[in-house]
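Enquirer: Next one to model:
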Amino acid sequence: MFAGGGLIEFLNSPVGIAVLAVAALPVTVGVGYLLVRIGFRLVSVLVRPTRRVVGLFPEGPAGVVAVTTLLVTALVFGVAAPLPNRVGTLGDGGAGDTAGGFLETAFDERDGVVRAGDGTVSLSPTGYDRPEPDTAGDRLKDAWLRAGETPGGTPLPNGSVDRLDLYVTVVHGSNVEPLTDRDRRHLREIWATMPVRNPDGSTGIDIHIRSGGELDRSVTFGVGDGSDHTRYYTEERMGPRHCRYHLVVLGEPTDDVHGWGTTPGYSSFVTGVPLEEQRGTYTHRASVMTHELLHNVVGHIDDPSLPDGGAHTREGWLADDEYLSAATAAQLNETRFRGSGFYQREICGEDR
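Expert: As a prediction, this is how the structure comes out:
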């Protein structure tokens with residue numbers, strides 16, 4: 001589920017940013033020279049109190065160069081220097097970083113949203129609702145599960161107050177096949193056997209999968225091609241299930257990315273193209289869906305030593321293995337299902 005960054009990865013690295021800054025410096029100085037030369041004269045003539053400051057610099061071109069150099073230095077250190085902190089270390093970064101090296105600002109910068117080459121989209125984990133009482137911690141109110149639906153009409157069939165429930169709608173583009181019965185069976189088995197504790201003393205998560213049917217268009221997704229989770233995760237498409245169900249869109253990757261999930265959030269892209277031969281115990285689509293849905297509900301694991309600031313683990317489903325790692329299980333046992341402040345404010349609304 002990873003893609004190489006190549007030149008793009010280098011240019012998004014701190015070294016690449018520094019190279020670009022140095023390469024652009026002559027142009028910046030040239031433009032700055034002209035602007036400062038004009039401003040230098042205007043300020044010295046029109047604003048009397050600045051004459052003393054202006055007098056500190058030598059007259060003529062030497063003075064203009066001195067002022068230009070100071071301004072360019074301030075620009076580089078004031079604007080460019082914080083960029084590595086925003087981008088992170090492109091693979092070993094903070095909580096807003098993900099693997100692959102291709103980072104692109106998405107949605108709302110206030111939430112530190114970034115996209116990465118492996119298909120994850122990192123969102124702020126703060127500012128989301130957790131209805132109370134919620135015994136299992138799946139962000140579904142106990143009264144809703146007992147009634148089998150929310151007051152707004154969201155159906156919650158076969159849910160349990162004392163077990164974690166994950167409700168998912170799956171749609172597919174016209175260019176790929178829908179989930180098979182085998183995919184569904186494997187998904188239920190994978191999630192039911194996860195070593196996550198429930199209030200009733202059992203372990204596992206009940207995943208409830210419904211088909212949203214075929215979209216009236218082909219679906220492609222890939223690194224940097226403009227794929228946007230909110231394109232499909234809309235109230236018009238989801239109806240009353242909006243912001244209660246997760247959405248998985250099956251499509252055709254445009255590169256070697258097999259999935260693309262919000263971390264945390266409600267939506268994912270997953271490859272709908274079957275492999276020629278099965279790699280492990282489970283179907284490829286069931287494995288990729290599990291990986292992306294875990295991004296949705298776990299977010300970042302609270303261990304900065306893990307890859308990508310905790311977006312991935314060194315083993316288990318959030319790596320390339322067919323089991324839940326101890327780190328992911330511990331996170332789910334502690335924080336249960338997480339939500340996204342971005343989805344809460346920008347997609348779902350404060351009244352959800």
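
Enquirer: Please save the CA atoms from stretch 150-157 in CSV.
Expert: Only the C-alpha atoms of stretch 150-157 are listed here, as CSV (Å, rounded to 0.1, in the frame of the first residue of the first chain):
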residue,chain,number,x,y,z
THR,A,150,-30.8,6.8,15.3
PRO,A,151,-33.5,9.5,15.9
GLY,A,152,-32.6,10.8,12.4
GLY,A,153,-33.4,7.5,10.8
THR,A,154,-30.0,5.9,10.4
PRO,A,155,-30.5,2.1,10.5
LEU,A,156,-28.2,0.3,12.9
PRO,A,157,-29.1,-3.4,12.4
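
Enquirer: quick one: residue 304 is in a helix?
Expert: No: under the criterion used here (DSSP: H, G, I helix; E, B strand; the rest coil), residue 304 is coil, not part of a helix.

Enquirer: pLDDT score for it?
Expert: Here the pLDDT value assigned to residue 304 is 84.

Enquirer: Quick check: it touching residue 310?
Expert: Yes: between residue 304 and residue 310 there is a contact under C-beta atoms under 8 Å: 6.6 Å. Using the backbone N, CA and C atoms, a C-beta is placed for each residue, glycine as well.

Enquirer: what about those two, which has more around it?
Expert: residue 310 (23 against 12; other C-beta atoms under 10 Å).

Enquirer: my read: that one touches residue 300, true?
Expert: Yes: here residue 310 lies in contact with residue 300, judged by C-beta under 8 Å, at a distance of 3.9 Å.

Enquirer: any chance you could map the strands in the stretch 201-350 of the chain?
Expert: With DSSP state E, counting those that start in this stretch as the criterion, the stretch 201-350 of the chain has strands at 205-214, 220-221, 246-253, 259-263, 267-271.

Enquirer: what pLDDT, on average, does the last one get?
Expert: When pLDDT is averaged over strand 267-271, the result is 94.

Enquirer: now do the fourth one
Expert: Mean pLDDT, computed over strand 259-263, is 89.

Enquirer: Packing partners of that strand?
Expert: Judged by 3 or more C-beta pairs under 8 Å, 6 or more residues apart in numbering; DSSP states H and E, strand 259-263 is in contact with strand 121-122, strand 267-271, helix 284-298.

Enquirer: Relative to that strand, what are the paired strands and their orientations?
Expert: Strand 259-263 sits in its sheet next to strand 121-122 (parallel), strand 267-271 (antiparallel), going by DSSP bridges.

Enquirer: now, of these, which is deepest in the fold?
Expert: Highest mean neighbour count of those: strand 121-122, a mean of 30 (counted as mean count of other C-beta atoms under 10 Å).

Enquirer: Name the residues of whichever helix or strand comes after it that are buried.
Expert: Sequence-wise, the next helix or strand downstream of strand 121-122 (DSSP states H and E) is helix 142-147. Using 16 or more other C-beta atoms under 10 Å as the test for burial, helix 142-147 gives 142, 144-145.

Enquirer: Out of those, flag the one nearest to residue 345.
Expert: Set against residue 345, the nearest of these by C-beta to C-beta is residue 144 (21.9 Å).

Enquirer: and residue 156, how many neighbours does it have?
Expert: 21.

Enquirer: let me redo that: residue 274
Expert: 14.

Enquirer: Could you report the separation of the residue nearest to it when sequence neighbours are not counted from residue 249?
Expert: Leaving aside its chain neighbours, residue 274 sits nearest to residue 284 (6.7 Å; criterion: C-beta to C-beta, 6 or more residues apart in numbering). Going from residue 284 to residue 249 by C-beta to C-beta, to the nearest Å gives 16 Å.

Enquirer: Name the residue in these two with the higher neighbour count.
Expert: residue 249 (26 against 19).

Enquirer: quick one, what contacts the more buried one?
Expert: 171-173, 215, 219, 221, 232, 267-270 (C-beta atoms under 8 Å, 6 or more residues apart in numbering).

Enquirer: Over to residue 171?
Expert: So residue 171 contacts 211-215, 232, 237, 247-250 (C-beta under 8 Å, 6+ apart).

Enquirer: Write the PyMOL selection for whichever of these are buried.
Expert: Here is the PyMOL command that selects the buried residues among those (16+ other C-beta under 10 Å):
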select buried, resi 212+214+215+232+237+247+248+249+250
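
Enquirer: Just give the number of residues close to residue 210.
Expert: 13.

Enquirer: what separates it from residue 238, distance-wise?
Expert: 11 Å.

Enquirer: Give me the nearest residue to residue 136, chain neighbours excluded.
Expert: Here the residue nearest residue 136, using C-beta to C-beta, 6+ apart, is residue 164, at 5.0 Å.

Enquirer: these two touch, right, that neighbour and residue 208?
Expert: No: with contact defined as C-beta under 8 Å, residue 164 does not reach residue 208; the gap is 11.2 Å.

Enquirer: will you turn the helices and strands packed on strand 259-263 into a markdown table that also has distance to residue 193?
Expert: Formatted as a markdown table, the helices and strands packed on strand 259-263 follow (distance: least, C-beta to C-beta, whole Å):
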| stretch | distance to residue 193 |
| --- | --- |
| strand 121-122 | 28 |
| strand 267-271 | 20 |
| helix 284-298 | 11 |
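
Enquirer: so which of these gets nearest residue 324?
Expert: helix 284-298 (8.1 Å).
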